[in-house]
Each structure stands twice: as structure tokens, then as C-alpha cells.
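> Let me see the structure of the following:
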Amino acid sequence: MSEQIEIEVAYATPEKQKIVRLWVNPGTSVLDAALQSGIEQYFPGLQVASLPMGIWGKRVAKPEAQSIQAGERIELYRPLLIDPKAARANRAKKLAKEQQADENRTKT
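This is a model prediction of the structure:
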């Protein structure tokens with residue numbers, strides 16, 4: 001029997017984050033390791049198998065097929081609530097309005 005490897009599984013919400021360390025067998029898939037972590041017990045309703053996953057910030061296209069390596073951190077990603085481009089556009093509009101309001105105040 002081969003020696004196990006240590007890995008981490010991380011998930012966060014705006015209110016809470018959790019990193020679970022665990023030991024798995026070499027060759028364990030990213031998906032299986034995430035499931036073995038038991039991280040869903042800290043986040044009621046979380047369904048690990050349905051979430052996008054990554055390793056150290058790089059998305060894993062096929063977590064069921066990719067093996068995890070010693071020392072890696074699996075990250076579970078929440079669905080986006082708003083498209084990043086739309087969020088940037090909204091921030092730019094807000095900033096422009098604030099700047100216009102400041103200019104109007106200084107003119108009076």
C-alpha cells in the first residue's frame with residue numbers, strides 16, 4: 001500500500017471560510033478528494049460535486065479525471081451572482097456619478 005499525501009480543500013462564502021486538511025491516496029481525483037473532505041458539513045446545502053473546482057486559483061476542467069498532488073489546495077468556486085464585466089461597468093457608472101456630483105458641488 002502506498003503512502004498517503006496531504007492536501008487541502010477550501011470553500012468560502014462572504015460570511016465564512018473553511019480550509020479542510022486531509023490525507024488521500026496518491027492518484028485520488030480532485031472530485032473524490034473534495035468529496036472525502038466532508039467540507040459540506042460546514043456549509044448546509046452545499047453540493048460539492050456540482051461546483052466548479054480549481055487548484056491554487058487555476059480552474060480544473062475535469063475534476064473527476066485529474067489527480068490531486070501532494071500539497072495542493074482544491075478550491076470550490078461559488079456561482080457568480082453578476083457577470084464581472086457588468087460589475088465593472090456598474091462601478092464605473094457609480095464613480096462617474098460621484099465625480100459629477102463633486103464637480104457640481106464645487107461650482108456652487
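
> in this structure, which segments are predicted with low confidence?
The chain contains residues with pLDDT under 70 at 1-2, 80-81, 108.

> Report the residue ranges of every domain in it.
Split into domains by automatic domain parsing, the chain comes to 5-77, 81-108.

> right, so these: which one is the most enclosed?
Per residue and on average, the most neighbours among these fall to domain 5-77, with a mean of 15 (mean count of other CB atoms under 10 Å). Backbone N, C-alpha and C define where each C-beta goes, glycine included.

> In contact with the residue lying closest to L35 once chain neighbours are set aside, which residues?
The shortest distance from L35 to any non-neighbouring residue, by CB to CB, 6 or more residues apart in numbering, is to V48 (5.7 Å). Shown in contact with V48 (CB atoms under 8 Å, 6 or more residues apart in numbering): A34, L35, S37, I39, E40, L76.

> hang on, isn't G57 packed against E75?
Yes - the pair G57 / E75 is scored as a contact, 6.9 Å apart, by CB atoms under 8 Å.

> How much space separates the spatially most central residue of the chain from E8?
In the chain, the centroid-proximal residue (CA atoms, centre = their mean) is Y77; its distance is 3.1 Å. Distance from Y77 to E8, counting by CB to CB, to the nearest Å: 15 Å.

> What of Q69?
For Q69, the distance to E8 - CB to CB - is 12 Å.

> Repeat that for P79.
As judged by CB to CB, P79 and E8 stand 22 Å apart.

> swap in A70?
From A70 over to E8 (counting by CB to CB), the distance is 11 Å.

> How about the residue nearest to the centre of the chain: what's its closest non-neighbour residue?
Nearest non-adjacent residue to Y77 (CB to CB, 6+ apart): P52, at 4.4 Å.
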